[in-house]
Structure formats: C-alpha cells, structure tokens
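Q: Here is my input; please provide its structure:
(one chain, ligands or ions: 1)
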Amino acid sequence: MDDAAVLRVALEEAEKCTPTPTAFCVGCVIVAHFPSQAILATGYSRELPGNTHAEANALAKARVLTQSELAALFPAYTGPPLSVENDVLPSADVYTTLEPCSIRTSGLAPCADALIAAKIRRCVIGVGEPDDFVNCEGAQKLKDAGIEVAWYKGLEKECLATARKGHVSS
Ligand SMILES: [Zn+2]
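A: Presented below is the predicted three-dimensional model:
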C-alpha cells in the first residue's frame, strides 16, 4: 500500500466517528514493516470510551497486540519476539487524516505528545488542523522531536470535510 491507499483507510476510519459539534472526526492508521508491510492498528475519534482521539486509540490498540497477532501480521519475520513498544512502534509510520493535536483542554495528553512518547518514525498527515477550537502546533512538535512529517497532497478536502462532520457551518 502506498501513502494514498493507507490514508484512504484512515479516511474510512474517520467516517466511523460519531459526529459532535465540539470535536473533529479523525481517522488514524499505524503501519509497520517486519519486513512486509502490515497495518498494525487503526483508530478513530471517540472509538474508545471517553473523549478519545484517533491517534491515541490506534496506539492503545497496537499496544495490546499479542505475540500471535504480531506473528500473523508479519508472517515473514523470523527474528526474536517483537516488542510493540521497543521494536514495532519505533519503526512505525502513522497516518492521520488531521494534524495530531498539540493542546488538549480536557486534560488528556495531546496526540503529538503521545506519538513522540511512542517514538514513531514518520507521520503522514492528510490536512492541517484548522483553528476552529485551538491553534494546533502538532506537526511542528513532531518535527522538533525528530519525527519525519509528511503532508500528503490531494486528500485535504476529503479529510477536512470528514473532520468537520456535525459542526455548524458558519
Ligand atoms: Zn489528538
């Protein structure tokens, strides 16, 4: 799968969100290579209980993968048992339809911080977060932490329209 195909999967995840006027609908896909490419986990806004975000949900789902689930994802891998935290996430590419948040008013950790803590390799972003709620500096935060950031070109309209579902248009 190339970036476009994975980002489309992330958009499908975003479509699963229950729209709310006070938050965005975002989808996230985590991809890893051991050595074949596999989707490690997906997530979308409010998928897990609480006002949860797509990136945090995908990370949470990746972290509970068992050895047998990892073996099924990476059938060609023959090395020692993989640790999601130490081996898989640090090599992972994270695709998100909207720029990871850098500020949260709810008290939960911003997604940019969660991705930095997970030491992911690369983040592909569908569209920048509009300043509907807060001024987002997520992409810059990731770059400052040494994570490669790629702005995907060509799906901005779809990503933004999905993100704003359920919002009152001005
Ligand atoms: Zn977030």
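
Q: Give me the local confidence score for the nearest residue to M1 once chain neighbours are set aside.
A: Once flanking residues are discounted, M1 sits nearest to Q37: 6.4 Å by C-beta to C-beta, 6 or more residues apart in numbering. C-betas here are computed from N, CA, C, even on glycine. pLDDT recorded at Q37 is 94.

Q: The nearest residue to E156 once chain neighbours are set aside: what's it in contact with?
A: In this structure, E156 finds its nearest non-sequential neighbour in V127, 4.4 Å apart by C-beta to C-beta, 6+ apart. Residues in contact with V127 (C-beta atoms under 8 Å, 6 or more residues apart in numbering) are 97-99, 155-156, 159-160, 163.

Q: V127 bridge partners, please.
A: L98 (DSSP bridges).

Q: who in the chain is up against the ion?
A: 53, 101, 111 (C-beta under 5 Å from the ion).

Q: wait, isn't the first one in contact with L59?
A: What it means is H53. No: here H53 does not reach L59: they are 9.7 Å apart, not a contact under C-beta atoms under 8 Å.
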